[in-house]
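1. Build the 3D model from these lines:
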Amino acid sequence: MRIEQVPIPELEPGDVLLKVTGALLCGTDVRIYTGRKTRNVSLPSTLGHEFAGEVVAVNGDLPEGVSMGDQVCVYPLVPCGTCSACSKGHPNICRNRVAFGYQLDGGLSQYVRVPARARENLIPINHVSALEAAIVEPVSCALNGQNLAKVAGADTVLVAGAGPLGLIHIRLAKAQGVRQVISVEPNQARHDIARASGADLVLAPSDDIADRIRDFAPDGIDVVIMAIGRPEAMTPYLGVLAPGARISVFAGFNSEAKLEFVANDIHYNEYEIVGASSCRLENFQQVAPMIDDGRLKVADLIGTQLPLDRAVEAIDLAASGADMRVGVDVWA
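-> Numbering: from 1, shown residues only. Predicted coordinates:
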């Protein structure tokens, strides 16, 4: 990784220029930096797909609903709109998509050019801090995963992992009316914030965890959300799933990771295993107002922010799991 001094981007017709005011890091950034993720990444790449900025210039008219000076969060994906995935209602897994922080210069930059084809990706969010605006992206990913796993209306949901995304999942599940949320997290230091986020039962992994879950939820778990990319995190819960349960493979995994299930368990119990990749624009449009008006609290999920010349240190800190949502202050 290197830091470069470059001119402020020039705008083509329809382009919008953002002054970046908040940029956060996630596990995908870590995997790109360490070389464990290469798919859809064009190197050299300016990282950062979780960011917010101020609208400071435009070549032409601004998108409807966006004004000069607005703080906006940025939906990071630009799907093609014509491929099989797009035509079947899955633009977030478009095979021809480009994205900020992958092929387009991302938020670890003082200014970002939003090309004309992505101008509808700007969502105003003016009543919270820039970092709260930036966290709209991971919250939207969580909402997409919960929608696919049919979390709304579930009685009992288990969230494996209480990092920032796990905590977001707890809060969203409660906001969607889930009666009981179980959080499983090995780091005892995160148990209190898991409870404060709405978890009704917080456990550390143990040999008797299945029995403890069965005592708490005798009818079984309706949805398991894997908010940590470790296959072994799934194993203890396979015996306590409710009939028709859904398993959300939400977190990103290393490319060689495998999940193992007994085929007849899926067959006879009608289990559903669902993936979740990024999010849809409509998830952004739903989440941004929830954060902007305070219905969904996220400020306590924001961790250390390091200056741009310490970006590698920030990535290492994000990889350690020792902090909340780590970010890079591009102006420090």
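2. how about the helices in the stretch 151-300 of the chain?
-> Counting by DSSP state H, counting those that start in this stretch, the segments of the stretch 151-300 of the chain that form helices are 164-175, 191-196, 209-216, 263-269, 281-292.
3. who touches the helix or strand bottoming out on mean pLDDT in the chain?
-> Of the helices and strands making up the chain, the lowest-confidence element is helix 27-34, at a mean of 91, by mean pLDDT, DSSP states H and E. With contacts defined as C-beta atoms under 8 Å, 6 or more residues apart in numbering, helix 27-34 is touched by 1, 37-38, 41, 45, 47-49, 101-102, 229, 251-252, 254, 312, 315, 318-319. For the C-beta atoms, the positions are set from N, CA and C on the backbone; glycine is no exception.
4. From those residues, which land in helices?
-> In this view, the contacts of helix 27-34 that belong to helices under DSSP state H are 312, 315, 318, 319.
5. Filter those down to the buried ones and hand me the PyMOL line.
-> To isolate in PyMOL the members of the ones in helices among the contacts of helix 27-34 that are buried, counting by 16 or more other C-beta atoms under 10 Å, one can use:
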select buried, resi 315+318+319
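6. so who does the residue nearest the centre of the chain touch?
-> Central residue check for the chain by C-alpha atoms, centre = their mean: the C-alpha nearest the mean position is that of residue 138, 2.4 Å away. Under the criterion of C-beta under 8 Å, 6+ apart, the contact partners of residue 138 comprise 24, 26, 50, 164, 165, 168, 325.
7. Swap in 10 Å and give it another go.
-> 24, 26-27, 49-50, 164-165, 168, 279, 287, 298, 301, 325 (C-beta atoms under 10 Å, 6 or more residues apart in numbering).
8. which two in the residues you listed are spaced the farthest apart?
-> Distances among the contacts of residue 138 were taken as C-beta to C-beta; the most separated pair is 27 and 287, at 19.3 Å.
9. Neighbour count for these two, which is higher?
-> The residue with the greater number of neighbours, taking residue 27 and residue 287 and applying other C-beta atoms under 10 Å, is residue 287; the counts read 29 against 20.
10. which ones are touching that one?
-> Here residue 287 is in contact with 73, 123, 125, 135-144, 168, 172, 279, 295-296, 298 (C-beta under 10 Å, 6+ apart).
11. ditto for residue 192
-> residue 202.
12. Renumber starting at 50 from here on
-> Okay, using 50 as the starting number, the last item reads as residue 241.
13. And the strand or helix carrying the residue nearest to the centre of the chain, how far out from the chain middle?
-> Taking DSSP states H and E as the criterion, the element that holds residue 187 is helix 185-197. Offset of helix 185-197 from its chain centre (C-alpha atoms, centre = their mean, to the nearest Å): 6 Å.
14. in this protein, which ranges drop under the pLDDT threshold?
-> By pLDDT under 70, the chain contains no weakly predicted segment.
15. repeat that with 80
-> Scanning the chain with the threshold set as pLDDT under 80 gives 87, 303-304.
16. Count the neighbours of residue 75 for me.
-> Other residues near residue 75 number 21, with proximity taken as other C-beta under 10 Å.
17. mind checking the backbone torsions on it?
-> Dihedral angles phi and psi of residue 75 (degrees, to the nearest 10) take the values phi -130, psi 180.
18. Now do it against residue 125, distance only.
-> In this view, residue 75 and residue 125 are 11 Å apart by C-beta to C-beta, to the nearest Å.
19. what residues are shared contacts of these two?
-> Overlap between the contact sets of residue 75 and residue 125, as judged by C-beta under 10 Å, 6+ apart, is given by 97, 98, 99, 150, 186.
20. Strands of the stretch 150-299 of the chain, start to end?
-> Shown for the stretch 150-299 of the chain, the strands assigned by DSSP state E, counting those that start in this stretch span residues 160-163, 171-173, 205-209, 229-233, 250-252, 270-275, 290-298.
21. so how many other residues sit close to the closest residue to residue 120 other than its chain neighbours?
-> For residue 120, the nearest residue in space outside its immediate sequence neighbours is residue 175; the separation is 5.2 Å by C-beta to C-beta, 6 or more residues apart in numbering. By other C-beta under 10 Å, 11 other residues sit near residue 175.
22. cool, and residue 192?
-> Each residue near residue 192 was counted by other C-beta under 10 Å, and the total is 26.
23. contacting residues for it?
-> With contacts taken as C-beta under 10 Å, 6+ apart, residue 192 has the following neighbours: 200, 217-218, 221, 224-225, 325, 328-329, 331-333, 335-336, 339, 345.
24. cool, and residue 146?
-> For residue 146, the contacting residues are 89, 125-130, 132, 134-135, 140, 152, 327, taking C-beta under 10 Å, 6+ apart as the criterion.
25. Residue 191 now?
-> By C-beta under 10 Å, 6+ apart, the contact set of residue 191 is 200, 208, 213-222, 274, 276, 297, 299, 325, 328, 332, 336.
26. Sounds good, over and out.
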